[in-house]
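coords below, sequence missing:
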């Protein structure tokens, strides 16, 4: 029997969800070659308002995920063993992946918009689909991580 480490399933779910979401987004845009634009047609600079909204949503998810990790790990001090059960590893990995994907999309989206504004690099199909996949993966990993935690705690 193949023995894996604690949290291995969480890592697999996080990576698989990102790749699957990216594939779905890529296939949905297969007829469009790019380059893509951030701003609405005829409205230069209009994406800045949306960028702030996207970043605020991601900050909210990151705050919830990081707060949950801190509270779960901190609650281990109230256990006799001083450790969390190993069943908590995969959901914690998913919450961590949610933070990772969220930070990455905030960074790459901001950098992509900066280069788009300065006309130094076009916003390609790969960049466009990657950013959407990272954002959706952040939300997906957050939701699945929480659902997994609820399942573990209630069963």
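Done, it's in. Note that the coordinates shown come from a computational prediction; the quantities given were computed from them, not determined experimentally.

what helices or strands is the lowest-mean-pLDDT helix or strand in the chain leaning on?
Sorting the helices and strands of the chain by mean pLDDT, DSSP states H and E puts helix 47-75 at the bottom, at a mean of 89. Judged by 3 or more Cβ pairs under 8 Å, 6 or more residues apart in numbering; DSSP states H and E, helix 47-75 is in contact with helix 89-117, helix 125-154. For the C-beta atoms, the positions are set from N, CA and C on the backbone; glycine is no exception.

residue 25 is nearest to which of these?
Of all these, helix 125-154 sits nearest to residue 25, with 4.5 Å by Cβ to Cβ.

report the central residue of this structure.
When Cα atoms, centre = their mean is applied to the chain, the residue found nearest the centroid is residue 138 (1.9 Å).

sorry, back to before: with distance to residue 12 and mean pLDDT added, can I get the helices and strands packed on helix 47-75 in TSV?
Formatted as TSV, the helices and strands packed on helix 47-75 follow (distance: least, Cβ to Cβ, whole Å; pLDDT from 0 to 100):
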stretch	distance to residue 12	mean pLDDT
helix 89-117	9	93
helix 125-154	12	94
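
and residue 27, which of these is closest to it?
Of all the helices and strands packed on helix 47-75, helix 125-154 sits nearest to residue 27, with 9.3 Å by Cβ to Cβ.

same for that closest one, what does it pack against?
Contacts defined by 3+ Cβ pairs under 8 Å, 6+ apart place helix 125-154 against helix 8-28, helix 47-75, helix 89-117.

related to what we said a few turns ago, just put the helices and strands packed on helix 47-75 in JSON lines and tack on distance to residue 29.
Listed next are these as JSON lines, based on distance: least, Cβ to Cβ, whole Å:
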{"stretch": "helix 89-117", "distance to residue 29": "16"}
{"stretch": "helix 125-154", "distance to residue 29": "6"}
